[in-house]
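*Asks:* could you look at this predicted model? Sequence included:
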Amino acid sequence: MANIIERITIDSNICHGKACIRHMRWPVEVIIDLIASGMSFDDIITDHPELEKEDILASLAYAKITLSGKSLAEVN
């Protein structure tokens, strides 16, 4: 999981320091919202070709880590 979670970046200059995908303006919470809306991974990637399947998986992994009470630093 360590490799995939490296796709999650936190930069105070991007999206107010929210966890994002690969320094892009794609907050993890938006990816989770897309999944929650019923979009499949393929739908998301088709609509947003700058995203990759691994980005979506990393978002889910980050959500799991966050809900478990851990931080990215503890995982990396």
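*Replies:* Received it, and whenever you're ready, just let me know what you need.
*Asks:* mean confidence for stretch 38-56?
*Replies:* Summarised as a single mean, pLDDT over stretch 38-56 is 97.
*Asks:* for that stretch, list every residue counted as buried.
*Replies:* Using 16 or more other Cβ atoms under 10 Å as the burial criterion, the residues of stretch 38-56 that qualify are 39, 44-45, 48, 51-52, 55-56. For glycine as for every other residue, the C-beta is placed from the backbone atoms N, C-alpha and C.
*Asks:* how about those residues in TSV, adding secondary structure and distance to residue 71?
*Replies:* Written out in TSV, the entries for the buried residues of stretch 38-56 read as follows (DSSP: H, G, I helix; E, B strand; the rest coil; distance: Cβ to Cβ, whole Å):
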residue	secondary structure	distance to residue 71
39	coil	28
44	helix	26
45	helix	28
48	coil	27
51	coil	24
52	coil	24
55	helix	20
56	helix	21
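*Asks:* farthest pair in these?
*Replies:* Farthest apart among the buried residues of stretch 38-56 by Cβ to Cβ are 39 and 52. That separation is 15.0 Å.
*Asks:* now do the strands in the chain.
*Replies:* Using DSSP state E, the strands assigned to the chain run over residues 8-10, 19-21.
*Asks:* from residue 47, how far off is residue 64?
*Replies:* In this structure, residue 64 lies at 24 Å from residue 47, with Cβ to Cβ, to the nearest Å as the measure.
*Asks:* do the same with residue 36
*Replies:* Taken as Cβ to Cβ, the spacing of residue 36 relative to residue 47 amounts to 15 Å.
*Asks:* select, out of the strands of the chain, the one closest to residue 30.
*Replies:* With distances scored as Cβ to Cβ, the stretch of the strands of the chain nearest to residue 30 is strand 19-21 (9.0 Å).
*Asks:* quick check: buried residues in stretch 15-35?
*Replies:* Buried residues in stretch 15-35, defined by neighbour count with 16+ other Cβ under 10 Å: 15, 19-21, 26-28, 31, 34-35.
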